[in-house]
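1. Sequence first, then the predicted structure:
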Amino acid sequence: MLEHLNDSPKPPRRVVVVGAAGFVGNAIAARMERDGVQTLRVGRGQVDLTASDAVARLAALLQAGDAVVAAAARAPCKDADMLVENMVMARALVHAISTADVSHVVNISSDAVYADSPGRLTESSCASPGSLHGVMHLAREVLFGNGTKVPLATLRPSLLYGADDPHNGYGPNRFRRLAAKGQEIILFGDGEERRDHIFIDDVAELVARVLYHRSQGTLNIATGVVTSFRAIAEKVVALSGQNVAIHATPRSGPMPHDGYRPFDIAECNAAFPDFRYTSLDDGLSRARTETEGPN
């Protein structure tokens, strides 16, 4: 649940986005810049969070009153070495923030922290991850919670998609690129898993609102609507205008999250009653237009 510390929206004096070269960080920084908010983009080129001097270098960039968005991570976290590296990065972030007189911290986490559940997930659902990626994000949350002495907002987005996604993960991003090239789309099983997919601009918008309200607490970022991967592939193919085949394949293991991961978005609706998520159809269309340009 989020608590708004500003009675009315008020932009911070400056926003520092750590991880601004990444998919999420770049979208957040661009959103703040569009509003004319002074924004400092910090990427690995400015501060390597794994380096021995990371704390000093980042602390030197921070100013009193800054709002800091922590969007820097190596993701998805796939093995023990990546887990350790992410903890080193998070430690540097928390130590640097603790030395500066910042006003607000927003940590970008993930819905991967939750245990699987047959019911709709809420912000109070059990955080007991079954993947290293989820373990990494939950450990980051605990680290930020223990090391941050100013208002802290933890945001847990579900699966993200958008034109500039660099990961090419299974789902809208990969399907869209394959369809654009006229290449077949290969599904895991019959693509029957149903998941909640978030357009990247919605993440940036919600982060902006959290910053303006100086909100603290935890918020899931999810539309409340689940869609099968086969249905997404079919939508992508229809948008592409190409004759692209969609093929099912035998599974080599169980479906992730038992094939179903829905969310109750009541907390988001209560925190920001005028906000509306981008529908999957509109988001896929916008991602295609942003990549290929208008027809």
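-> Perfect, I can see it now. Numbering: from 1, shown residues only.
2. Can you list the low-confidence ranges for the chain?
-> Along the chain, the model assigns pLDDT under 70 to residues 290-295.
3. the longest helix in it is where?
-> helix 80-99 (DSSP state H).
4. got the contact list for it?
-> The set of residues external to helix 80-99 that reach it, using Cβ atoms under 8 Å, 6 or more residues apart in numbering, is 18, 49-50, 54-56, 58-59, 62, 68, 70, 72-75, 77, 105, 132, 135-136, 139-140, 143-144, 147-149. C-beta coordinates here come from the backbone N, C-alpha and C atoms, glycine included.
5. now these: which count as buried?
-> Buried by 16 or more other Cβ atoms under 10 Å: 18, 49, 54-55, 58-59, 62, 68, 70, 72-75, 77, 105, 132, 135-136, 139-140, 143-144, 147-148, out of these.
6. So which bits of stretch 108-118 are buried?
-> 108-114.
7. Can you give the distance of that stretch from its chain's centre?
-> How far stretch 108-118 lies from its chain's middle: 12 Å, per Cα atoms, centre = their mean, to the nearest Å.
8. measure Arg57 to Gly134 for me?
-> Distance of Arg57 to Gly134, given as Cβ to Cβ, to the nearest Å: 29 Å.
9. Who has more neighbours out of the two?
-> Legend: neighbour count by other Cβ atoms under 10 Å for Arg57 and Gly134, higher for Gly134 (21 against 16).
10. about what we covered before: just checking, which of the contacts of helix 80-99 belong to helices?
-> Filtering these for helices - DSSP H - leaves 54-56, 58-59, 132, 135-136, 139-140, 143-144, 147.
11. Dig out what the closest residue to Ala222 other than its chain neighbours forms beta bridges with.
-> In space, and not counting its chain neighbours, Ala222 is closest to Phe263: 3.7 Å by Cβ to Cβ, 6 or more residues apart in numbering. On the basis of DSSP bridges, Phe263 is bridged to Leu121.
12. going forward, begin numbering at 304 instead of 1
-> Yep, numbering from 304; the last one is Phe566 now.
13. Double-check Phe566 against Asn523; I have them as touching.
-> Yes. Between Phe566 and Asn523 there is a contact under Cβ atoms under 8 Å: 5.7 Å.
14. tell me, what's touching these two both at once?
-> Shared contacts of Phe566 and Asn523, counting by Cβ under 8 Å, 6+ apart, come down to 414, 424-425, 461.
15. Quick check: the farthest pair among the residues you listed?
-> The span of these, defined through Cβ to Cβ, is set by Thr425 and Ser461 at 12.9 Å.
16. Pick out whichever of these two has more residues nearby.
-> Taking neighbours as other Cβ under 10 Å, Thr425 and Ser461 compare with Ser461 leading, 23 against 16.
17. any idea how far the more buried one is from Gly527?
-> 10 Å.
18. Common neighbours of those two, please.
-> Joint contacts of Ser461 and Gly527 (Cβ under 8 Å, 6+ apart) are 499, 566.
19. Gly437 reaches Val416, doesn't it?
-> Yes. Applying Cβ under 8 Å as the test, Gly437 and Val416 come out as touching, 5.1 Å apart.
20. got a list of what the residue positioned nearest the centre of the chain touches?
-> Geometric centre of the chain, nearest residue: Pro460, 4.7 Å, by Cα atoms, centre = their mean. Shown in contact with Pro460 (Cβ under 8 Å, 6+ apart): 327, 411-414, 501, 506, 523-525.
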